[in-house]
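[1] Please work out how this folds:
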Amino acid sequence: MNVKPIPSSELIINDDGSVFHLHILPEDLADIVIMMGDPGRVSTIAQHFDTIEIDKSSREFHTITGTYHGQRVTALSHGIGTDNIDIVMTELDALANIDFKTRLPKKEHRRLKILRIGTCGAAQPDIPLGSYILSHISIGFDGVLNWYRDGKKIFLNDFEDAFVKHMRWPRRLGRPYFVRASQEIIDKFSPWTVKGMTVSAPGFYGPQGRSVRLKLTIPDLITKLERFEHEGYRVTNIEMESSALAGMAALLGHDAATVCLAIANRHVKESNPDYKPLMAQLLQKALDTLTA
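    Presented below is the predicted three-dimensional model:
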């Protein structure tokens, strides 16, 4: 089959040879990638690196690549939301698997190992603040994966059908999807994390059941989520990125998963805004586990 070069309108490459949004070069990217929403956390985790090769920033995207215990690692911030994950995952894959000179896919596929570290609100009363929750399965309220034709190949349809029935899901919201994280990463992180089924919401307030001045389409969202169980899984937490990350990684041929620090519990209505020391501990532990 004759493969045509990817047009410049579809994959924008900057004048310096870097990819459009991330502003990094193909050679800047390591095979191990640790992602986080907050650009400041990139510097926090990079403090543990033995060496630093590059340190680049563009908008909310901050990238540092260096070495840790002899392994090359890229730390990267992705900002907030699955729309940003769509950008970051597409550009990371392009950096790994597209020849920027010919604009053609490389003959050999390069598989990245990607871990996202974030914060979340726990959705069960028995999950205390400070827990580390690993998203074995993610529930996409966002719809990003529905824009890719092959998404249906990785959707967990039995989970989806059971969830839509349980929630009495309003049609106007669009159908949620369920995707599984990389089994390799699940196996590595399961010994010290909570087994999670994570909701990825397309917003922080209404889509997560928070009402400030506006009335909600699903006013009892948290209660319904707490009661949903399927095949030994229950909804453990809510955040904003894990579904698109796990789904796009699977479609593009990479290993990816999300570990979140629970800084709030939506059931008991508690929160811990002073969570930075706990996040620093999680970053170190995740770095050690991922490179072991």
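[2] ok, which stretches of the protein are helices?
    39-46, 82-97, 157-167, 183-189, 221-227, 242-252, 276-290 (DSSP state H).
[3] okay, those, which one's buried deepest?
    helix 242-252 (a mean of 27; mean count of other C-beta atoms under 10 Å). Every C-beta, even on glycine, is put in place using the N, C-alpha and C of the backbone.
[4] got a list of contacts for that helix?
    Helix 242-252 is contacted from outside by 35, 82, 85-86, 89-90, 93, 97, 112, 114, 116, 118, 135, 138-142, 144-145, 148, 150-151, 153-154, 177, 179-182, 198, 200, 255-258, 260, using C-beta atoms under 8 Å, 6 or more residues apart in numbering.
[5] repeat that with 6 Å
    For helix 242-252, the external contacting residues (C-beta atoms under 6 Å, 6 or more residues apart in numbering) are 82, 85, 89, 93, 116, 135, 138, 140, 144-145, 150, 154, 179, 181, 198, 200, 256, 258.
[6] so residue 104 bridges to which residues?
    As for beta bridges, residue 104 partners with residue 99 under DSSP bridges.
[7] Just give me the neighbour total for it.
    Burial of residue 104 is recorded as 13 neighbouring residues (other C-beta atoms under 10 Å).
[8] next one: residue 259
    26.
[9] Could you measure from residue 138 over to residue 57?
    28 Å (C-beta to C-beta, to the nearest Å).
[10] More neighbours: those two, which one.
    residue 138 (30 against 14).
[11] I figured that one was touching residue 196, is that so?
    No: using C-beta atoms under 6 Å, residue 138 is not in contact with residue 196; the gap is 8.6 Å.
[12] okay, and the helix or strand of the protein with the least pLDDT?
    Ranked by mean pLDDT, DSSP states H and E, the weakest helix or strand in the chain is strand 270-271, scoring a mean of 74.
[13] which outside residues touch that strand?
    Outside strand 270-271, the residues within contact range by C-beta under 6 Å, 6+ apart are residue 264.
[14] Since that was my last question, I'll sign off now.
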